[in-house]
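*Asks:* What follows is a predicted protein model with its sequence.
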Amino acid sequence: MKGILEGLNPEQQRAVETLEGPILILAGAGSGKTKTLTHRIANLIAHGVDSRRILAVTFTNKAAAEMKVRTQKLVGESLPLPFMGTFHGIALKILRIDGEAVGLAKNFIIYDADDRRLLIKNIIKAQGLEFSRSQLRDVESDISSAKNYNISADEYLAQANTAYTQKVAQVFRTYEEERQKNGALDFDDLLLDWLRLLECPDIREKYREKFEHILIDEYQDTNKIQYQIVRKLVNERRNICVVGDDWQSIYAWRGADYQNILNFERDFKGAAVIKLEQNYRSTKPILDAANKVIKENVNRTEKTIWTANESGMPIEVVRVYNQFEEARFVADKIEYAGMHGASYSEFAILYRTNAQSLPFEKVFLQRQIPYKIIGGQRFYDRAEVKDIIAYLNLLISPNDSVSFIRAVNVPARGVGEKSVAKYFAGEEMRGKAGKGLLEFQELLAELRAKVPTSTPREITEELVEKLQYLDYLKSRKDERADARVANVKAFVEEAGEYESLDDFLGSLALFASSDESAGDDAITLMTVHSAKGLEWDEVFVVGLNDGIFPTYRVLEQGEGEGVEEERRLLYVAMTRARNKLYITSFERSMGRDGSPVVHEESRFLRPLMCSEIDNSMSGDEIEICYDEGMEDSGW
DNA sequence: ACTATGGATCTTTTT
DNA sequence: GATCCATAGT
């Protein structure tokens, strides 16, 4: 285990060598955070800490996977790995073990966002509540946000002072009842129930003792519940190490509170504070530009991120005519670099919203440039896969109404909406619907009997076979039938990776779109949110328009926290680049009715545009270019 | 009673 | 483009 400090700078070394007591590591973008964390874990193990008594929490499954690989490399193959995963993933593991103490069934299922939406929609319909269209969109997130603040349905009702919130309270309450009856937890419940579990003194003691050392990555993105979980887990020895960067806090909309990181020293008196301010990733022009952007934020801590990498190409800020020209511009640059030997995996295109990917896809397809889109629709969210998952859920949790509604008439068995309503009302079924329902239940019973003795793969295979699901997919006139069949086959393969059906279903729900494997040599397209923690040689940040980035939703509220979070988001995007950064904006797009919409350049770019006036800029770090491109290319 | 089709409407970010 | 709803067809 020699050389654990090799290749680390003095601050990183201090972080790795400080093994006891609370530590706050303020790690700027590209400052070697993961390296520091993995070396610290290796050092703990080298000092005799049992690896299984280390808890390491990351923000994404991908980050956890990377940390596992890098830790394993440092400590060798033979040692068991520490407890590593996301808050949600670890909650799932722990609730499967001890969840009964808070009244959970042994094999609860997990609702993803889709399942939740469906249940909420059904409740609204069943109760005949009237919501406007825009309210309808908000109900879901309002309920989720209440749960993220640990507010129960009853408490929500008590605070409800408008007609809207009173109706939401009603939906909220029924949602919780139905969800529990269905034997399901949603994402928020995983955290809430973990916290509730830690309120049982004996169980809390068990885990406080078990986890001798706790490390938490991306601490600025923890929410109130996660914070409370951490507080409950840390024992008298206070071996808690958190890493984060308030400049990269981009999840306040989901209840994250970067005050958590600013308050760390108050919460854990005497904490060692280590600042990692040297950036090893980006060139000076990139870092200078990113710093200029973030300095506009009023609400932030002071720090100086610097790089020894003084040279570097200027960043390019480019204004193009429309989104098609934007895609064309990016494709031109990449093709040109490709001719000089660059490989596609060195490029990334980052946008504010998933919907912006389309023009890029079109141009890349046309020019036969390989690309991969991360995010947007997840593999497991595709209809054909979700249908199968609904069946599997019903094997484990027979009362789950959400999965029942989804599965009962796929393939069509003559059990439509009306029959489903009758069924739930307990009415007698006859005719086509009755027969279909019987068939459906017999199939489930037959498969359910096999669950204890069969592998997930066998069950899934038999299900697909019995449903004649592949034939069903092929028989529908659907251009994508082939792709759907392939997806189902891939899903069956996937089932082969798991020991039990519980396990399989649990990990499916927690698997994020951004976790999908890197794959072969292709350009990466993803949202800025998904890009956090990643890096590429050349990065294109596109759509820097007011109303898009920042989104109109925060502009409506005026300058403030919303706009500052969007600006931090841009900071994250810019600091993903190692060598070359392009920022593009477009002048117009097509409105819904086909009329052109003019888009202002993003206000975030103003500090970059003033480079001629501001003489402190040391020269040619930023190139500003107005693409004179075609006036009208059919877009 | 169920299904297929056409048209209108809206689109932030994710564990 | 996807999703929701009304209407016509099976």
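*Replies:* That came in fine, so what should we check first?

*Asks:* C-alpha only now, for contacts and for neighbours.
*Replies:* Noted.

*Asks:* which bits of the stretch 151-300 of chain A sit near DNA strand B?
*Replies:* Where proximity means C-alpha under 7 Å from any atom of the strand, the interface of the stretch 151-300 of chain A facing DNA strand B comprises A:Phe187, A:Asp188, A:Tyr251, A:Trp253, A:Arg254.

*Asks:* mind running it again at 10 Å?
*Replies:* Contacts of the stretch 151-300 of chain A with DNA strand B, taken as C-alpha under 10 Å from any atom of the strand, map to A:186-191, A:223, A:250-255.

*Asks:* Weed out the non-buried ones from those residues.
*Replies:* Buried positions within these, assessed by neighbour count (16 or more other C-alpha atoms under 10 Å), are A:Asp186, A:Phe187, A:Asp188, A:Asp189, A:Leu190, A:Leu191, A:Asn223, A:Ile250, A:Tyr251, A:Ala252, A:Gly255.

*Asks:* could you redo the residues you listed as CSV and give each row distance to A:Lys489?
*Replies:* Listed next are these as CSV, based on distance: C-alpha to C-alpha, whole Å:
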residue, distance to A:Lys489
A:Asp186, 27
A:Phe187, 27
A:Asp188, 31
A:Asp189, 31
A:Leu190, 30
A:Leu191, 33
A:Asn223, 38
A:Ile250, 37
A:Tyr251, 35
A:Ala252, 39
A:Gly255, 38
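
*Asks:* Closest one of the residues you listed to A:Ile120?
*Replies:* Closest to A:Ile120 out of those is A:Asp186 (12.2 Å), distances taken as C-alpha to C-alpha.

*Asks:* so who does the spatially closest residue to that closest one that is not a sequence neighbour touch?
*Replies:* Setting aside the residues directly before and after it, A:Asp186 is nearest to A:Tyr111 in space (C-alpha to C-alpha, 6 or more residues apart in numbering), at 4.7 Å. Listed by C-alpha atoms under 8 Å, 6 or more residues apart in numbering, the contact partners of A:Tyr111 are A:Ala184, A:Leu185, A:Asp186, A:Phe187, A:Ala509.

*Asks:* any idea how far A:Tyr111 is from A:Gly341?
*Replies:* Going from A:Tyr111 to A:Gly341 by C-alpha to C-alpha, to the nearest Å gives 46 Å.

*Asks:* repeat for A:Leu467
*Replies:* As defined by C-alpha to C-alpha, A:Leu467 lies at a distance of 50 Å from A:Gly341.

*Asks:* ok, these two, which is more surrounded?
*Replies:* Looking at A:Leu467 and A:Gly341 with other C-alpha atoms under 10 Å, you find the greater number of neighbours at A:Leu467, namely 15 against 9.

*Asks:* my guess is the more buried one meets A:Asn409, correct?
*Replies:* No: in this structure A:Leu467 lies outside contact range of A:Asn409 using C-alpha atoms under 8 Å: 11.1 Å.

*Asks:* Isn't A:Asn57 up against A:Phe87?
*Replies:* Small correction: residue A:57 is Val, not Asn. Yes: the criterion here is C-alpha under 8 Å, and A:Val57 meets it with A:Phe87 at 6.2 Å.

*Asks:* More neighbours: which of those two?
*Replies:* Here A:Val57 and A:Phe87 are compared on neighbour count by other C-alpha under 10 Å; more neighbours surround A:Val57, at 25 against 21.

*Asks:* burial count for A:Gly312?
*Replies:* The local packing of A:Gly312 (other C-alpha under 10 Å) involves 15 other residues.

*Asks:* I'd say A:Ala433 and A:Val415 touch.
*Replies:* Yes: distance between A:Ala433 and A:Val415: 4.8 Å, which falls inside the contact criterion (C-alpha under 8 Å).

*Asks:* quick one on the thing from earlier: narrow the residues of the stretch 151-300 of chain A next to DNA strand B to those in helices?
*Replies:* When helices are assigned by DSSP state H, the members of these inside them are A:Phe187, A:Asp188, A:Asp189, A:Leu190, A:Leu191.

*Asks:* So the last one is in contact with A:Gly89, correct?
*Replies:* Read it as A:Leu191. No: the pair A:Leu191 and A:Gly89 fails to qualify as a contact (C-alpha under 8 Å) at a distance of 9.7 Å.

*Asks:* I'd like the mean pLDDT over stretch A:544-554, please.
*Replies:* Taken as a whole, stretch A:544-554 has a mean pLDDT of 89.

*Asks:* Quick check: buried residues in it?
*Replies:* Counting neighbours by 16+ other C-alpha under 10 Å, one finds that the buried residues in stretch A:544-554 are A:Leu544, A:Asn545, A:Asp546, A:Gly547, A:Ile548, A:Phe549, A:Pro550, A:Thr551, A:Val554.

*Asks:* and what of stretch A:305-324?
*Replies:* Buried-residue list, stretch A:305-324, by 16+ other C-alpha under 10 Å: A:305-307, A:313-324.

*Asks:* Pull the distance from it to the chain's centre.
*Replies:* For stretch A:305-324, the separation from the chain centroid amounts to 27 Å (computed by C-alpha atoms, centre = their mean, to the nearest Å).

*Asks:* what's next to it, contact-wise?
*Replies:* Contacts with stretch A:305-324, where a contact means C-alpha under 8 Å, 6+ apart, come from A:28, A:277-280, A:282-287, A:291, A:326, A:359-360, A:543, A:579-589, A:620-631, A:635.

*Asks:* Just give me how far the biggest strand by length in chain A sits from the chain centre.
*Replies:* Criterion DSSP state E: the longest strand present in chain A is strand A:577-586. Relative to its chain's centre, strand A:577-586 lies at 23 Å (C-alpha atoms, centre = their mean).

*Asks:* One more: stretch A:323-334?
*Replies:* For stretch A:323-334 - counting by C-alpha atoms, centre = their mean - the centre lies 27 Å from the chain centre.

*Asks:* Could you confirm whether it reaches DNA strand B?
*Replies:* No: Stretch A:323-334 stays clear of DNA strand B (C-alpha under 10 Å from any atom of the strand), getting no nearer than 14.0 Å.

*Asks:* May I see the buried residues of that stretch?
*Replies:* A:Gln323, A:Phe324, A:Glu325, A:Glu326, A:Ala327, A:Arg328, A:Phe329, A:Val330, A:Ala331, A:Ile334.

*Asks:* How about the residues of the stretch 301-450 of chain A by DNA strand B?
*Replies:* Counting by C-alpha under 10 Å from any atom of the strand, the residues of the stretch 301-450 of chain A that sit close to DNA strand B are A:351-357, A:374-378, A:408-423, A:429-434, A:436-437.

*Asks:* Now, those that are in helices?
*Replies:* When those are checked against helices using DSSP H, the ones located there are A:417-423, A:431-434, A:436-437.

*Asks:* Now A:Arg179, what are its backbone angles?
*Replies:* Comment: the main-chain dihedrals of A:Arg179 come out as phi -60, psi -40, following degrees, to the nearest 10.

*Asks:* residue contacts, it?
*Replies:* A:Arg179 touches A:Leu185, counting by C-alpha under 8 Å, 6+ apart.

*Asks:* Then A:Lys68?
*Replies:* With contacts defined as C-alpha under 8 Å, 6+ apart, A:Lys68 is in contact with A:Leu81, A:Met84.

*Asks:* for the host helix or strand of it, what is the average pLDDT?
*Replies:* Secondary-structure assignment from DSSP states H and E places A:Lys68 in helix A:61-75. Per-residue pLDDT over helix A:61-75 has a mean of 88.

*Asks:* go on, stretch A:147-155?
*Replies:* Computed over stretch A:147-155, the mean pLDDT rounds to 92.

*Asks:* list the buried ones in it?
*Replies:* For stretch A:147-155, using 16+ other C-alpha under 10 Å, the buried residues are A:Lys147, A:Asn148, A:Asn150, A:Ser152, A:Ala153.
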